[in-house]
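Q: Show me the folded form of this:
(one chain, ligands or ions: 2)
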Amino acid sequence: MTDDTTAAKLGLTDAELAVHPTVFASGALKDRVVVVSGGAGGIGRAIAWLCARLGAHVAVVGRNQTKLDSLVAEMADRDLKASAYVTDIREPDAVNALFDTVWAAHGRVDGLINSAGGQFPQAAIDFSVKGWNAVINTNLNGTWYMMQAAAQRWRDHKHPGNIVNIVVVTTHGLHGIAHTIAARSGVIGLSRAVAVEWAPLNIRVNCVAPGVIETEGWNVYSPAARAAYPRSNPMMRNGTTFDVAEACVYFAAPSGKFVTGEMLTVDGGGQLWGETWTTGKPAYFGGDDT
Ligand SMILES: CCCCCCC/C=C/C(=O)SCCNC(=O)CCNC(=O)[C@H](O)C(C)(C)COP(=O)(O)OP(=O)(O)OC[C@H]1O[C@@H](n2cnc3c(N)ncnc32)[C@H](O)[C@@H]1OP(=O)(O)O
Ligand SMILES: NC(=O)C1=CN([C@@H]2O[C@H](COP(=O)(O)OP(=O)(O)OC[C@H]3O[C@@H](n4cnc5c(N)ncnc54)[C@H](OP(=O)(O)O)[C@@H]3O)[C@@H](O)[C@H]2O)C=CC1
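A: Ligands and ions are numbered 1, 2, ... in the order given. Take a look at the predicted model:
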């Protein structure tokens, strides 16, 4: 947790997400059913709000019933459609049950956006087996279980579908979270592979790589590391969860209908210039380790 008890909530609030201007036309996702994992988190929450505002019924997935229920209630207050599903994406049986339940409730699923994920900052040389496995299981295996469960039902129902996987920037400048770079590199490769394999099934698969996006998930990083994040890209600022949500909807909506196997990086140019040290910049590289 943050060491500043007066700190403001990180990221956009529900009240802000409910009215944030969007480039998308209302009705862009009318009558679609979209599953959003991590849907009550920071980025997932913005995705859930935007999809619902564009006319979708959103199935929000996470492990914390209270967080999910509060989001669904906030949306219902604004006549938006959402339902909550407690599921640990690392449990394949639970993931299969989730998709069966959503199909039974709505008779369709049109999109899956995988925003569930996370990691902790630590020098790779000190990773424990348990810590490594926690990150790989969450970000690679859990994402795969969701992808496969969605795709199998699209194949069986002869229904088109699309998947958006939220990853991290794996190519440049992100240090101190090597376990997640490994897991997300796996997701990126997997997405490109199945984009081809699943094209005959009318299933598209794309990735979005956010840069520094202020959310409650940042509480796992030290205040000193977080303070440097805005200076890690040439725009010299953090992005918002809505920036990422609009990138996801680009792929999920008809705007993305001829796009598959692609990656959209939403990082203010950080992959070209800048560096993010989640564990503090070592003196060796000109930093002071904070
Ligand atoms: C250019 C881009 C810049 C971006 C900047 C930052 C990049 C990315 C940012 C984000 O993604 S922020 C939003 C994402 N949200 C999170 O990361 C949430 C916080 N993380 C977690 O909840 C965990 O890290 C987790 C592994 C994803 C959760 O899995 P699980 O619930 O199974 O884990 P735990 O039971 O908590 O821990 C299991 C195991 O892992 C090791 N471990 C966990 N935390 C730490 C830590 N802080 N330091 C060292 N090791 C850790 C440890 O072995 C745990 O086992 P135990 O010791 O607890 O038995
Ligand atoms: N914020 C940033 O700067 C960046 C974020 N990302 C990635 O974007 C994604 C979303 O991040 P963000 O919104 O910031 O993070 P948050 O921590 O706010 O949200 C992540 C959500 O994932 C859910 N989740 C985690 N593990 C599981 C699991 N095993 N099963 C089901 N749900 C799970 C959590 O819900 P619950 O607690 O209910 O289980 C949580 O609400 C993550 O993959 C993150 O790594 C990538 C680059 C930068």
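
Q: Can you give me every residue that contacts Ala209?
A: 166-170, 184, 263-267, 271 (CB atoms under 8 Å, 6 or more residues apart in numbering). Every residue, glycine included, has its C-beta placed from N, CA and C.

Q: redo that, cut-off 10 Å
A: Residues near Ala209 by CB atoms under 10 Å, 6 or more residues apart in numbering: 165-171, 174, 184, 188, 244, 247, 263-267, 270-271.

Q: Up against ligand 1, what does the stretch 1-150 of the chain have?
A: 118-120, 122, 128, 130-131, 134-135, 138 (CB under 6 Å from any ligand atom).

Q: thinking again about what came up before, taking the contacts of Ala209 one by one, which sit in helices?
A: When these are checked against helices (DSSP state H), the matches are 184, 188, 244, 247.

Q: and the contacts of Ala209, which are buried?
A: 165-170, 174, 184, 188, 244, 247, 263-267, 270-271 (16 or more other CB atoms under 10 Å).

Q: And for His106, the neighbour number?
A: The tally of other residues near His106 (other CB atoms under 10 Å) stands at 16.

Q: Give me the distance between the closest residue to it other than its chain neighbours and Ile89.
A: The shortest distance from His106 to any non-neighbouring residue, by CB to CB, 6 or more residues apart in numbering, is to Val33 (4.7 Å). Per CB to CB, to the nearest Å, Val33 is found 18 Å from Ile89.

Q: Tell me which of these two has more neighbours.
A: Per other CB under 10 Å, whichever of Val33 and Ile89 has more neighbours is Ile89, with 26 against 21.

Q: which SS state does that one fall under?
A: Following DSSP: H, G, I helix; E, B strand; the rest coil, Ile89 is assigned to coil.

Q: give me every residue that touches it.
A: Counting by CB under 10 Å, 6+ apart, Ile89 touches 37-38, 61-63, 95, 98, 114, 116-117, 137-139, 141-146, 149.

Q: Select only the buried ones of the residues you listed in PyMOL?
A: A single PyMOL command suffices to select whichever of those are buried according to 16+ other CB under 10 Å:
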select buried, resi 37+38+61+62+95+98+114+116+117+137+138+139+141+142+143+144+145+146+149
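
Q: so of the contacts of Ile89, which ones are in strands?
A: Of those, the ones assigned to strands by DSSP state E are 37, 61-62, 114.

Q: Identify the farthest-apart pair in the residues you listed.
A: Taking CB to CB, the two most distant members of these are Gly62 and Asn114; they sit 12.0 Å apart.

Q: shared neighbours, those two?
A: Counting by CB under 10 Å, 6+ apart, the contacts common to Gly62 and Asn114 are 36-38, 44, 89.

Q: can I get these in TSV with distance to Glu275 and pLDDT?
A: Shown next, in TSV, are the shared contacts of Gly62 and Asn114 (distance: CB to CB, whole Å; pLDDT from 0 to 100):
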residue	distance to Glu275	pLDDT
Val36	31	99
Ser37	29	99
Gly38	26	98
Gly44	26	98
Ile89	30	99
